[in-house]
Structures are given as structure tokens and as C-alpha cells.
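In: using only what follows, build the 3D model:
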Amino acid sequence: MRHYLTFAGKPSTDFKLYISGAGTFDAPERDTKTVSIPGRNGDLTLDNGRYKNIKVEYPVAFAGDMKIISEAIRNYFLSFTGYERLEDTYHPEEYRLARYYGDFESGSTKGMGAGISKLVFDCMPQRYLKEGEKQISFSARGNIFNPTMMDAKPLLYITGRGTITVGNVRITINQAPVYIDCEIQEAYNAQHTSMNSQITLNDGIFPVLKPGENLIVPSGSMNITPRWWKL
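Out: I've put the predicted structure just below:
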């Protein structure tokens, strides 16, 4: 199988680029700080509760004119200013959020009209599961199972007013329908107008889906996009 990546919906095969996945299996670094205390042996580690971005490099082989290919790559990949979806055929059940670094320099030539190079991306630490993009609907009390070891920050869509429960967090909905994005910690309507004033976080925090079973108690009907992820 000839492997390729897809960035912001466009496959690398459109540029006649095929990849190696050797650099795609590394894990991100946890964000910690080491503190030394005079008179005390050893160091203390302060955990900031997050993971750092990770650089992901794809060695690529290409067939065609280097000048034409590199220009096409620059014009497409560098046209995006924020994070975009990055997928590859080595991890067909996952995707990352990534920014293109801009490097694309020709290496040794394999032959007339062919060569090697690399594509380098600055990636968020999460590897999101495509399974976590599927909506799960609730119209009555139930449970949702998080199959990963990581707390997921879901997107909720609630159709009815009242009090809902997600995991160990209760939310009072004063106006519906409403979206609650637990990743960015915002509530909004279909027009993306803020509705933060229309919800009350009874426990003062946005809910997460812990590993394993999580209790769900809807008000009316509710859809949950769980956003499962791993490292």
C-alpha cells in the first residue's frame, strides 16, 4: 500500500506525494516544571495539567517537477493560518489538529523527475478518534462509556429546558435549544450567538467524560459528540 496524508481535506496524492509514517508514533511531552529546594535532596515536579504540542514529520517521496510541486504545496498548505485537520493512512481511525511548518526542501534525487523531502507539522497533543465524532442521543437517563484513558470534553446539544447531568456535573438550562462546548467552555445557539447567560453550571465547572461509564440525565432530548482522544 502506498501511504498518504490528508491536510484540511486535501490528500497529498493530489501533489504526487507519498509518505512514510516513521515519525508519527511519538508521544507528546507532559508540561511540567522541576523545582530544586536548597537543603532537600531530589527535585520536585510541578504538573501543569496539560501536554505540549508535538512536531510530526512525514518523510515524503514525490514524482514530478520539484519546482512545480513545492510551489503547489506552499500555496495550499501555507494558506491556512490556524489548526486544520490532519489524517494519514497509517492511523485510519484517528486525526490530529495541525499547523504546517512550511519546510519542503528537496533531498537526494531518486531519478529523473523524482525525489524525497519531508512535511513537518506542529500538532496539538491529542490524537482524536473518529469514533468520537459520532453523536450519541439520549431521551432518558442512561450511560456513556469512554473507551480511552483520557478525560474527553464533549459537545452537547440540548433541546429542552431544565437540569441535565453529564458525569458528575449538573447544568441548568434556562433557554433551549443550546449547544454547550466543553472544550472551549462556551454555550451558544445555532447562529453561534453566546448563550452563556442562559446556563448555570451547578458545580461551577464544565463537564468531562471520565474513562469508563458516565451518567447522563437529559432534559428533553440531548445529543453528545464525545470527542474521544488519546496520546
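In: use CA for all of it now, contacts and neighbours both
Out: Noted.
In: in what helix or strand does Asn143 lie?
Out: In this assignment (DSSP states H and E), Asn143 forms part of strand 142-146.
In: would you mind listing the buried residues in whatever helix or strand comes next after that strand?
Out: Proceeding N to C from strand 142-146, the next assigned helix or strand is strand 155-158, under DSSP H and E. Neighbour-count burial for strand 155-158 flags Leu155, Leu156, Tyr157, Ile158 (criterion: 16 or more other Cα atoms under 10 Å).
In: list the buried residues in the strand holding Asn143.
Out: In strand 142-146, the ones that count as buried by 16+ other Cα under 10 Å are Ile144, Asn146.
In: stretch 223-231 now?
Out: Applying 16+ other Cα under 10 Å to stretch 223-231 flags Asn223, Ile224, Thr225, Pro226, Arg227, Trp228, Trp229, Lys230 as buried.
In: report the beta-bridge partners for the second one.
Out: Read that as Ile224. Ile136, Leu156 (DSSP bridges).
In: pretty sure it contacts Lys153?
Out: No - counting by Cα atoms under 8 Å, Ile224 sits too far from Lys153 to count as a contact (10.2 Å).
In: thinking again about what came up before, can I get the buried residues of stretch 223-231 in TSV with pLDDT?
Out: Shown next, in TSV, are the buried residues of stretch 223-231 (pLDDT from 0 to 100):
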residue	pLDDT
Asn223	98
Ile224	98
Thr225	98
Pro226	98
Arg227	98
Trp228	98
Trp229	98
Lys230	96
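In: for Glu94, state which of these is nearest.
Out: Ranked by distance to Glu94 (Cα to Cα), these are led by Trp229 at 8.5 Å.
In: roughly how far apart are that closest one and Ala22?
Out: 21 Å (Cα to Cα, to the nearest Å).
In: chain center to the strand holding Asn143, what's the gap?
Out: Relative to the centre of its chain, strand 142-146 is centred 21 Å away, using Cα atoms, centre = their mean, to the nearest Å.
In: residues in contact with it?
Out: Ala152, Leu209, Lys210, Pro211, Gly212, Glu213, Asn214, Leu215, Ile216, Val217, Trp228 (Cα atoms under 8 Å, 6 or more residues apart in numbering).
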